[in-house]
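Participant: okay, sequence plus prediction incoming.
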Amino acid sequence: MSFESAMLRLGGSCMNLGGVEVSSMAKGETLADTIRVVSGYADAIVLRHPKVGAARLASEFSDIPILNGGDGAGQHPSQTLIDLYTIRQSMPLDNIEIGLIGDLMYGRTTHSLAYALARYNARIHTIAPKGLGLPDSIHDNLVEKGAKVIEHDTIEEIISELDVLYVTRLQRERFPDPAKFFDISQGYRITPSQLSDVKEHLAILHPLPRVDEIDPAVDNTPYARYFQQARNGVPVRMAMLTEVMR
Amino acid sequence: MTENNPENTLVINTIRDGTVIDHITAGEALIVLRILGITGSTSECVSVATNVTSEALTKKDVVKIENRELKAKEVDRIALVAPNATINIIRNYRVIDKKGVIIPSVLMGVLKCPNPCCITNTNEPVLSRFEMLGKKAVCSYCDAVISSDISTHII
Ligand SMILES: [Zn+2]
């Protein structure tokens, strides 16, 4: 896990307590108890947990910092900080036009990123298959927070206006019919031919791993930032750990 | 109430000391008691009248609790089901204090989160926590939103 390599690079050490299924929680211990015990052993806890809100609960029972490494379908703040940092390497974060494409219903990284960018006055363009658009509650929440959210049927209608294009994977299991999956996914695939008329500084991001949402030929264009984004994972997590243990 | 009208003989007695919750939305009295944590096994002497004819509302419920003065903070959460309720504190047969109810901005342990994946729907030792944003209740743990029929989510 990249938090471990971040901690090791900072000169610290890690105790990996393993998955919920192998730790004492498998014996029925509550997360609250586990946290109270572990917070006596460590200087910070990175928590990944299948239930939404687990990190918040943990923070209420811990005397040491809790870093949310992902809580079920909830937030994914470390990925969001990496995404923000990657964008920031190319352009200021304020007032950007960002396109979110792919599975926006279950893709929690896009939710966290959209919330973060709402604070920077972003215009958020969504391109998703029917039934996989942003959940209504998140859409409404973003609008209440001052973001502009604009839905599009195809990537072609908006790509030339974007500063950032954030691509996520369409999961085959969301489509009952494999033939349909193939047809639909073609419309959400980024290829070099779509990039003929884009802004010069367009940054294409993807939380990886990708399957075929981005044609490998795009890797050689100046717009591809997803490998840089992946490499940013360690320094951003180092920064998070440093910040909470100051 | 209709104390002076012999045709409408009192449904329930006046009380000497305690709390009268009046103008409860008709049919909600039992839920109000549940929200207040008053059950048959607690010690209060409680009278309940449902579907009483009133002037302001067509029908209302009334709850009288003897020898216990409820604090506004304790009863505010009944505003979820009975927004027009009034709380009358009675001492020696006289109303010494009368207040309406306001939905609190934070509800602790009142609503069950509708999200089955929420950490509050597990055996963890926490109360559910909802923040009221206008007419919506938002779970502080998973951001689930209850936007209609809030009372059906009462624990
Ligand atoms: Zn919840």
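Facilitator: Cool, the structure landed.

Participant: the residue nearest to residue A:225 when sequence neighbours are not counted: neighbour count?
Facilitator: Across the structure, with Cβ to Cβ, 6 or more residues apart in numbering or on different chains as the measure, the residue nearest residue A:225 apart from its sequence neighbours is residue A:203 (4.6 Å). Quick note: C-beta positions are derived from backbone N, CA and C, even for glycine. Applying other Cβ atoms under 10 Å in any protein chain shown, we find 24 other residues in the vicinity of residue A:203.

Participant: now swap in residue B:37 and tell me
Facilitator: Neighbours of residue B:37 under the rule other Cβ under 10 Å: 8.

Participant: do the same with residue A:146
Facilitator: The number of residues near residue A:146, taken as other Cβ under 10 Å, comes to 10.

Participant: residue contacts, it?
Facilitator: With contacts defined as Cβ atoms under 8 Å, 6 or more residues apart in numbering or on different chains, the neighbours of residue A:146 are A:118, A:121.

Participant: on the three-state scheme, it is what?
Facilitator: Using DSSP: H, G, I helix; E, B strand; the rest coil, the secondary structure recorded for residue A:146 is coil.

Participant: make sure the residue nearest to residue A:225 is actually in contact with residue A:88.
Facilitator: No. Residue A:203 is not in contact with residue A:88 according to Cβ atoms under 8 Å; the separation is 10.1 Å.

Participant: next, count neighbours for the residue of chain B found nearest chain A.
Facilitator: Closest residue of chain B to chain A, Cβ to the nearest Cβ: residue B:141 (2.7 Å). Applying other Cβ under 10 Å, we find 26 residues neighbouring residue B:141.

Participant: do residue B:142 as well
Facilitator: 25.

Participant: and the gap between it and residue B:122?
Facilitator: Distance, residue B:142 to residue B:122, using Cβ to Cβ, to the nearest Å: 12 Å.

Participant: do I have it right that the residue of chain B closest to chain A meets residue B:118?
Facilitator: Yes. Applying Cβ under 8 Å, one finds residue B:141 in contact with residue B:118, separated by 5.7 Å.

Participant: mutual contacts of these two, please.
Facilitator: Common neighbours of residue B:141 and residue B:118 (criterion: Cβ under 8 Å, 6+ apart): A:52-53.

Participant: helix or strand with the lowest mean pLDDT in chain A?
Facilitator: In chain A, no helix or strand scores lower on mean pLDDT, DSSP states H and E than helix A:178-186, which sits at a mean of 83.

Participant: packing partners for the helix or strand that it is followed by?
Facilitator: Downstream of helix A:178-186, the first helix or strand assigned by DSSP states H and E is strand A:203-205. In terms of contact count using 3 or more Cβ pairs under 8 Å, 6 or more residues apart in numbering or on different chains; DSSP states H and E, strand A:203-205 is assigned the packing partners helix A:77-90, strand A:164-167, helix A:226-231.

Participant: adding mean pLDDT and distance to the ion, write the ones you listed out as TSV.
Facilitator: As requested, the helices and strands packed on strand A:203-205 are exported to TSV (pLDDT from 0 to 100; distance: least, Cβ to the ion, whole Å):
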stretch	mean pLDDT	distance to the ion
helix A:77-90	96	18
strand A:164-167	98	26
helix A:226-231	96	30
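
Participant: could these be laid out in a markdown table, adding mean neighbour count?
Facilitator: As requested, the helices and strands packed on strand A:203-205 are arranged in a markdown table below (neighbours: other Cβ atoms under 10 Å in any protein chain shown):
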| stretch | mean neighbour count |
| --- | --- |
| helix A:77-90 | 20 |
| strand A:164-167 | 26 |
| helix A:226-231 | 16 |
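
Participant: let me have these in CSV, extended by distance to residue B:85.
Facilitator: Formatted as CSV, the entries for the helices and strands packed on strand A:203-205 read as follows, by distance: least, Cβ to Cβ, whole Å:
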stretch, distance to residue B:85
helix A:77-90, 41
strand A:164-167, 49
helix A:226-231, 55
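
Participant: so which residues on chain B come close to chain A?
Facilitator: With Cβ under 8 Å from any Cβ of the partner chain as the criterion, chain B meets chain A at residues B:115, B:117-120, B:122-126, B:139-145.
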